[in-house]
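[1] the following block contains a protein sequence and its predicted model.
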There are 2 protein chains.
Amino acid sequence: MNRQDCLALDAKDPLAFLREQFDVPDGVTYLDGNSLGVLPKTAAARVQKVVTEEWGRDLIRSWNTAGWIDMPQRIGNKIGTLIGASDGEVVVADSTSLNLYKVLTVALNLQRADAPQRKVIVSERHNFPTDLYIAESLARERGLELRLVGADDIGAQLNDDLAVLMLTHVNYRTGRMHDMAQITRDAHAAGALVVWDLAHSAGAVPVDLTRSEADFSVGCGYKYLNGGPGAPAFAWAHPKHTARMDAGQLWQPLSGWFGHAAPFEFTPNYRPASGVARFLCGTPSVLSMAVLECGVDTLLAAQALGGMQALREKSLALTELFICLVEERCGNQGLTLQTPRDASLRGSQVSFSREEGGYPIMQALIQRGVIGDFRAPDLLRFGFTPLYTRFIDVWNAVDHLVQVMESGEWRAAEFNQRAAVT
Amino acid sequence: MNRQDCLALDAKDPLAFLREQFDVPDGVTYLDGNSLGVLPKTAAARVQKVVTEEWGRDLIRSWNTAGWIDMPQRIGNKIGTLIGASDGEVVVADSTSLNLYKVLTVALNLQRADAPQRKVIVSERHNFPTDLYIAESLARERGLELRLVGADDIGAQLNDDLAVLMLTHVNYRTGRMHDMAQITRDAHAAGALVVWDLAHSAGAVPVDLTRSEADFSVGCGYKYLNGGPGAPAFAWAHPKHTARMDAGQLWQPLSGWFGHAAPFEFTPNYRPASGVARFLCGTPSVLSMAVLECGVDTLLAAQALGGMQALREKSLALTELFICLVEERCGNQGLTLQTPRDASLRGSQVSFSREEGGYPIMQALIQRGVIGDFRAPDLLRFGFTPLYTRFIDVWNAVDHLVQVMESGEWRAAEFNQRAAVT
């Protein structure tokens, strides 16, 4: 493979035009869509309309006239099409951390009712920290054990002690992807419930929550969904669980008024909305949701071309190419692949570790316009969002990586000063 | 008082120019800033810059280069100047409901440690429902009693059973304002902690949390702070409580990564940030916070003219005038004042009840461009944001109210159809 081959791959890529939906800055090779997706072209006009017309001109009336009140469900339904959920099963709300607190509490409450002897929450030691922090908080408050294990040791934890298995489908560090259906089946066989975090899956890889018979799920709006910095997150619950919650008047703990059955009756007692709407809490941020909708729509635009399956094929071609080129051209530079070579186990990112210099190497790449990110202590992380990443981007990124490594420029002091957010 | 007198009052009002900071639509008399503040003129350009430059062009780097990472504290500090809090004591985060869950849990945990026999949370029966729903959830989970009483019966509840008194400083229905310092003193004397919701106070009336020796406080960004629909909320804790939390490694329950002492170290165990920063949870919505900052800045612009004290004088003049004119001109129309006549007990709104027709009367007013709101079962609610409400707005609102009542037009079918949000 050479530069010309990459350009040729782009030229015959049927998904290439999807990139035109975005404003990718000139001179930037953006491989950090797994941290913050790029700007959809529709977003600026949409937010301007929301600010000047819906808020500025129509003011409070827009809750009705501009459909603000329906946004959590409307956008939730769109996200549902990407993750194998039916209409009415997903809501957009709050942050991933908060949604995890809600669904994990409900899962634990169901187990407390059905199998009170189950006192263990299991997760991966290298799950995204906020997931672990939320689980740790609940475990402390309830006298449960949060047990953190390696990805390969999960099977051994599926026993009579296990209340809830809480996993992120695609690991944020390695990009390793779990077999959602198989693990869920095994966990159910052991009597446990499973909570899936789709932060690095929704919009990145095909997900089928329904077919996997998952119990609860949450996910992030600002990564592969391109919803903008700090975009709201989403929550899903299996209909059998929401039906049981409906029947038993079961609550999620963050019982704010937007999750009430009739918020504008202003009754003093809480009565949860039926279905997944009970996972709403306070007044949602309209601006953020409007922009998130622009981001989600960029994925829906791929549906006529095969949707997530087609995007998956391109994603694998991109990550495969990146792995090959790095190993071919920087094979002697101390970079160790941390992402599975087996495509069925790989999300939409590639990570390499390096004993020394991971941070300044990434800073030097960023200085050259190749934006990935660094995850302590030693990971260089590269995200390949199939909606807007080209094969030539892969080539350019590796080309710059070769130059950074061979020149030793990353040893300069400027690249070794840590920023607040790394 | 007549129309000319009102115009004269505006002409000599030293705060009148503050209205120029806003885009108030032509033909609208907006008396609903207690539900959704109007659009600051700076907001459209600011959000455009955040979207196209900070997000679109600079992408992930803006967490450092555009100061995204500091927004919760920076805007929190600005809000602190309006509510008698020092720098570093307020953070912007999530929604009012969620912040209430955090601070109420901490208050209950402190009491569980110090006085476990105290099992009662007391609040007002007509507190804003989401506050009650959150308290109800915590009471259910912990086997505590949530006791709801009338505003005049709070004193009788200050006894050895009381763990936490949770009040909204200005009632959303009646506009009645509590004496924060006196009630806090009385509750402390009884051994209780006090949580104050400033949803209808911050930016509306002077508040001094420090001098009142309040324990915890939360408030809303989209009402008198003009932060836009669903703007993030804020949280404050007395420094003695955060110091104790620091010393004892005490958590708030929604322990997401933005409240971690070092979120970008990605450690598997939670370690709370010191001070009020531990009340952050997930990744904050940058767009919403940027717009909230525009709103908060409109209040800071009043500081050279006497700040909240000067705004308070204008607010009382507006509400006083509205009460007088309604009673003078619609005195025989079945409208009963529900807001205290005593200025020291009044927030920045006026509510009238009417046995019949509250909803359609308000709809008829809205049709005429006079926007207040209706709160079931019988309240017509009018907010008077001193930053942008003029004396002529008061006159015009009453003039339309007289016409709506005398014509009987509110009985038309079109005004009697309930919208989703009322």
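    Looks like it came in fine. Note that the structure is predicted; figures quoted are calculated from it, not measured. Numbering: from 1, shown residues only, chains lettered A, B, ... in the order given.
[2] thought residue A:83 was touching residue A:217, still the case?
    Yes - under the contact definition of Cβ atoms under 8 Å, residue A:217 touches residue A:83, with a separation of 7.2 Å. To be clear about C-beta, it is placed using only N, CA and C from the backbone, and glycine gets the same treatment.
[3] ok, those two, which is more surrounded?
    A direct count of neighbours by other Cβ atoms under 10 Å in any protein chain shown for residue A:217 and residue A:83 places residue A:217 higher, at 30 against 27.
[4] where is the longest strand in chain A?
    strand A:162-168 (DSSP state E).
[5] so what are the sheet partners of that one and their directions?
    Each strand paired with strand A:162-168, and its direction, by DSSP bridges: strand A:120-124 (parallel), strand A:193-197 (parallel).
[6] dump those into a markdown table; add distance to residue A:374, mean neighbour count and mean pLDDT as well.
    Putting those into a markdown table (distance: least, Cβ to Cβ, whole Å; neighbours: other Cβ atoms under 10 Å in any protein chain shown; pLDDT from 0 to 100) gives the following:
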| stretch | distance to residue A:374 | mean neighbour count | mean pLDDT |
| --- | --- | --- | --- |
| strand A:120-124 | 20 | 24 | 98 |
| strand A:193-197 | 22 | 26 | 98 |
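[7] circling back: any common contacting residues for residue A:217 and residue A:83?
    Both residue A:217 and residue A:83 are in contact with A:198, A:209, A:236, where contact means Cβ atoms under 8 Å, 6 or more residues apart in numbering or on different chains.
[8] shaky segments in the stretch 1-150 of chain A?
    Counting by pLDDT under 70, the stretch 1-150 of chain A contains no low-confidence segment.
[9] try it again with 90
    Within the stretch 1-150 of chain A, the ranges that satisfy pLDDT under 90 run A:1.
[10] quick one, phi/psi of the residue of it found nearest chain B?
    For the stretch 1-150 of chain A, the nearest residue to chain B under the criterion Cβ to the nearest Cβ is residue A:95, separated by 2.5 Å. Phi and psi for residue A:95, reported as degrees, to the nearest 10, are phi -110, psi 170.
[11] now do the residue nearest to it when sequence neighbours are not counted against residue B:79, distance only.
    Excluding its sequence neighbours, the residue lying closest to residue A:95 (Cβ to Cβ, 6 or more residues apart in numbering or on different chains) is residue B:282, at 2.5 Å. The span separating residue B:282 from residue B:79 equals 20 Å under the rule Cβ to Cβ, to the nearest Å.
[12] same check, this time on residue A:368
    Going from residue A:368 to residue B:79 by Cβ to Cβ gives 41 Å.
[13] which one of those two has more residues nearby?
    Legend: neighbour count by other Cβ under 10 Å for residue A:368 and residue B:79, higher for residue B:79 (28 against 19).
[14] and that one, what helix or strand is that in?
    Here residue B:79, judged by DSSP states H and E, is contained in helix B:71-83.
[15] list the buried ones in that helix?
    Under the neighbour-count criterion of 16 or more other Cβ atoms under 10 Å in any protein chain shown, helix B:71-83 has B:71, B:72, B:73, B:75, B:76, B:77, B:78, B:79, B:80, B:81, B:82, B:83 buried.
[16] return the list of helices and strands in contact with the host helix or strand of residue A:99.
    Per DSSP H and E, residue A:99 falls inside helix A:96-114. Judged by 3 or more Cβ pairs under 8 Å, 6 or more residues apart in numbering or on different chains; DSSP states H and E, the packing partners of helix A:96-114 are helix A:129-142, strand A:162-168, strand A:193-197, strand A:216-219, strand A:233-237, helix A:239-248.
[17] the shortest one pairs with which strands?
    Partner strands for strand A:216-219, per DSSP bridges, with pairing direction: strand A:193-197 (parallel), strand A:233-237 (antiparallel).
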